[in-house]
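Asks: Predicted coordinates and the sequence they were generated for:
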There are 2 protein chains.
Amino acid sequence: MSSLAGRISRKIDKSIFGYGMITPGDRILIGISGGKDSATLLHQLGMKQHGFSIPFTAEALHVRTEYVEIEDRHRLVELCDSVGVPLHEKEISVSGRLKEGRRMNCHWCSTQRRTELLRFADEHGFHRIALGHHMDDILETFLMNLTRKGEISTMLPCLRYDRYPQWVIRPLAWVTETETDAYAREIGYEAVRCRCGFDELSHRKVIRRALEAIIAAEGEGARERMMQALHNVEPRYMPVFQPRDGDGGSSDGV
Amino acid sequence: MSSLAGRISRKIDKSIFGYGMITPGDRILIGISGGKDSATLLHQLGMKQHGFSIPFTAEALHVRTEYVEIEDRHRLVELCDSVGVPLHEKEISVSGRLKEGRRMNCHWCSTQRRTELLRFADEHGFHRIALGHHMDDILETFLMNLTRKGEISTMLPCLRYDRYPQWVIRPLAWVTETETDAYAREIGYEAVRCRCGFDELSHRKVIRRALEAIIAAEGEGARERMMQALHNVEPRYMPVFQPRDGDGGSSDGV
């Protein structure tokens, strides 16, 4: 195993054990878009299912939309074959599901694909849905929620839905985008490209540039410290509005 | 009262009432460095002490260091006179207090001046120490703690020390630096400049630039949403490491 593969594997273990992502016997459904992130996840979990300390099995579902070239399909097939992960496929038209008058966008597309994953997992008895989001996605979501929603929150490494029995897990939570990029190259996987032409949200771009500017100046360690910070809220040093009837309770006041 | 003065005054009220900063009869000691932020604070609190719904009185302490020109002193005197705030002064040598082998820096200087403020407040029976930190300072501290300390925390608008009976209050918590800048100009106050030559920490500069890039792209509203976010931690959407002995507690697992 290369040093990069080993590093990514250890980071996945950190997530699996750190967040209690898997229990013995779990059947995991990996959502594979064809991009380098989900390819990294699939390749790593595919290898890990043989002899991992918590027994689990992995299968993959590719929800194909009208924006992915059908000629790219063989790359997914080869990737799954190479690590013994059965590949399921489903075709949907994400633009066909748009409500009248609404324009196509990345959020709608990903929501539709997520719904299909959940439905498939439910119908076929999977316990976990594994998604390829990585540390940069989690940090960007944090910064977007901060500046857009006025809220300190993020995308969870391990999320239990109210409406579905399956958990959504993100085993790449501590893996960086630089690492998934390099790993996809290392295993010779050429990413299936989305050809929708709808560009990534400009808000995410702004946030990504700000994040990269901080990392460039502060060094790579800052990325991991930010991720660590999400687990480390210090309530004694967070501002709190007082109830209106109180006077602050000062023992020094008259 | 100008519209800017009114807006700043309302934001100070938001902090005073929102955080329960003042109780009736409080004697407030304003730390005045001579910069535009503490000048804004002094001018506003000076006016507010006449007829405010919570009776309080304000006095000021300027801790003079070897890095401030003595010729600038008259500006502080005039500012305090203009709003009826008694001015106290104390001289210290911040470089003289350095431990052997340590180099001078902004953090050391501000810690020394803070200590003098606390000491003076203690000796003269003040209940509150008011500092001129504004919203941008609070947001920058938040982002610095995030990227440097790996912690979600910030500078508190209202801080009670363990070792001192006085509270430190920051009535400008919801006022932006743009506003203190404009206000100092409006009241004709020319800031006393620190001539230390030790530049602001580069880390703070990086963070400030990243913050300004986000605000430039997202609009001024993003600044206030970030401030709001500091009061709005959503624990259900923050990652938590599980205890090592647990298995995640899945009811779906075998």
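Replies: Looks like it came in fine.
Asks: Surely residue A:231 touches residue B:238?
Replies: Yes. Applying CB atoms under 8 Å, one finds residue A:231 in contact with residue B:238, separated by 7.5 Å. For the C-beta atoms, the positions are set from N, CA and C on the backbone; glycine is no exception.
Asks: Quick check, residue A:43 in contact with residue A:183.
Replies: Yes. The criterion here is CB under 8 Å, and residue A:43 meets it with residue A:183 at 7.5 Å.
Asks: Say whether chain B is contacted by the worst-scoring helix or strand of chain A on mean pLDDT.
Replies: Ranked by mean pLDDT, DSSP states H and E, the helix or strand of chain A with the weakest confidence is helix A:202-218, at a mean of 86. Yes. With CB under 8 Å from any CB of the partner chain as the measure, helix A:202-218 is seen reaching chain B through A:202-203, A:206-207, A:209-211, A:213-214, A:217-218.
Asks: Tell me which stretches of the stretch 51-200 of chain A form strands.
Replies: A:56-64, A:87-91, A:128-130, A:158-160, A:167-169 (DSSP state E, counting those that start in this stretch).
Asks: Take these and lay them out in a markdown table including distance to residue B:37, mean pLDDT and mean neighbour count.
Replies: Below are the strands of the stretch 51-200 of chain A laid out as a markdown table (distance: least, CB to CB, whole Å; pLDDT from 0 to 100; neighbours: other CB atoms under 10 Å in any protein chain shown):
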| stretch | distance to residue B:37 | mean pLDDT | mean neighbour count |
| --- | --- | --- | --- |
| strand A:56-64 | 54 | 96 | 22 |
| strand A:87-91 | 59 | 94 | 14 |
| strand A:128-130 | 49 | 97 | 25 |
| strand A:158-160 | 42 | 90 | 18 |
| strand A:167-169 | 45 | 96 | 26 |
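Asks: Which one of those lies nearest to residue B:133?
Replies: Of all the strands of the stretch 51-200 of chain A, the one in closest proximity to residue B:133, counting by CB to CB, is strand A:158-160 (36.9 Å).
Asks: do the closest one and chain B meet?
Replies: Yes. Using CB under 8 Å from any CB, strand A:158-160 comes into contact with chain B via residue A:158.
Asks: any idea how far residue A:59 lies from chain B?
Replies: Here the criterion is CB to the nearest CB, to the nearest Å. By it, residue A:59 lies 16 Å from chain B.
Asks: ok, now how distant is that residue from residue A:44?
Replies: 15 Å (CB to CB, to the nearest Å).
Asks: and if you look at residue A:11?
Replies: With CB to CB as the criterion, residue A:11 and residue A:44 are 9 Å apart.
Asks: With neighbour numbers in mind, choose between those two.
Replies: residue A:44 (24 against 21; other CB atoms under 10 Å in any protein chain shown).
Asks: need the contact list for the residue nearest the centre of chain A.
Replies: Centroid-nearest residue in chain A: residue A:133, 1.9 Å away (criterion: CA atoms, centre = their mean). With contact taken as CB atoms under 8 Å, 6 or more residues apart in numbering or on different chains, residue A:133 is in contact with A:37, A:155, A:170, A:172-173.
Asks: go again using 10 Å as the cut-off
Replies: Counting by CB atoms under 10 Å, 6 or more residues apart in numbering or on different chains, residue A:133 touches A:31, A:37-38, A:41, A:140-141, A:155-157, A:168, A:170-173, A:175.
Asks: Which neighbours do residue A:231 and residue B:238 have in common?
Replies: Here residue A:231 and residue B:238 share the contacting residues residue B:152, scored by CB under 10 Å, 6+ apart.
Asks: any low-confidence regions in the stretch 151-254 of chain A?
Replies: Where the stretch 151-254 of chain A drops to pLDDT under 70, the residues are A:199-201, A:244-254.
Asks: Now do the helices for the stretch 1-150 of chain A: every range, in order, please.
Replies: In the stretch 1-150 of chain A, the helices defined using DSSP state H, counting those that start in this stretch lie at A:3-18, A:36-48, A:73-82, A:106-123, A:135-144.
Asks: Which of the ones you listed sits closest to chain B?
Replies: Proximity to chain B, assessed across these by CB to the nearest CB, is greatest for helix A:3-18 (4.8 Å).
Asks: From the contact counts, what lies against that closest one?
Replies: On a contact count with 3 or more CB pairs under 10 Å, 6 or more residues apart in numbering or on different chains; DSSP states H and E, helix A:3-18 meets helix A:36-48, strand A:158-160, helix A:177-186.
Asks: which one of the ones you listed has the most crowded surroundings?
Replies: Ranked by average neighbour count under the criterion mean count of other CB atoms under 10 Å in any protein chain shown, the helices and strands packed on helix A:3-18 are headed by helix A:36-48 at a mean of 24.
Asks: quick one, that helix and helix A:177-186 angle?
Replies: With axes from the mean of the first three to the mean of the last three CA atoms, to 10 degrees defining the directions, helix A:36-48 sits at 70 degrees from helix A:177-186.
Asks: Make sure residue A:43 is actually in contact with residue A:81.
Replies: No. Counting by CB atoms under 10 Å, residue A:43 sits too far from residue A:81 to count as a contact (11.3 Å).
Asks: returning to what we had before: closest to residue A:115 out of the helices and strands packed on helix A:3-18?
Replies: strand A:158-160 (14.8 Å).
Asks: now that closest one: how far from the chain's centre is it?
Replies: Here strand A:158-160 shows a centroid-to-chain-centroid distance of 11 Å under the convention CA atoms, centre = their mean, to the nearest Å.
Asks: Run through who's touching it.
Replies: In contact with strand A:158-160 (CB under 10 Å, 6+ apart) are residues A:15-16, A:18-22, A:128-129, A:131, A:166-171, A:173, B:236-237, B:239-240, B:242, B:248-252.
Asks: go with 8 Å
Replies: Contacts of strand A:158-160 (CB under 8 Å, 6+ apart): A:15, A:19-21, A:167-170, B:239, B:248.
Asks: do you know how far residue A:197 is from chain B?
Replies: 22 Å.
Asks: oh sorry, the question was meant for residue A:126
Replies: 9 Å.
Asks: Check residue A:229 too.
Replies: Taken as CB to the nearest CB, the span from residue A:229 to chain B is 5 Å.
Asks: One more: residue A:84?
Replies: 21 Å.
Asks: residues in contact with the residue nearest to that residue when sequence neighbours are not counted?
Replies: Computed as CB to CB, 6 or more residues apart in numbering or on different chains, the closest residue to residue A:84 that is not its neighbour in sequence is residue A:46, at 6.1 Å. Shown in contact with residue A:46 (CB under 8 Å, 6+ apart): A:58, A:80, A:82-85.
Asks: near chain B, which residues of the stretch 1-150 of chain A show up?
Replies: That would be A:17-26, A:127, A:138, A:143, A:145-150, which are the residues of the stretch 1-150 of chain A within reach of chain B (CB under 8 Å from any CB).
Asks: Which members of those are classed as buried?
Replies: Among those, those buried by neighbour count (16 or more other CB atoms under 10 Å in any protein chain shown) are A:17-23, A:26, A:127, A:138, A:143, A:145-148, A:150.
Asks: So residue A:238 sits against residue B:235, correct?
Replies: No. If you go by CB under 8 Å, residue A:238 and residue B:235 don't touch, sitting 11.8 Å apart.
Asks: Mind checking which of these two has more residues around it?
Replies: Just comparing residue A:238 and residue B:235: by other CB under 10 Å the higher neighbour count belongs to residue A:238, 17 against 9.
Asks: hang on, the earlier thing: which two from the contacts of residue A:46 end up farthest apart in space?
Replies: Most distant of the contacts of residue A:46, by CB to CB, are A:58 and A:82, 13.2 Å apart.
Asks: All good on my end, thank you.
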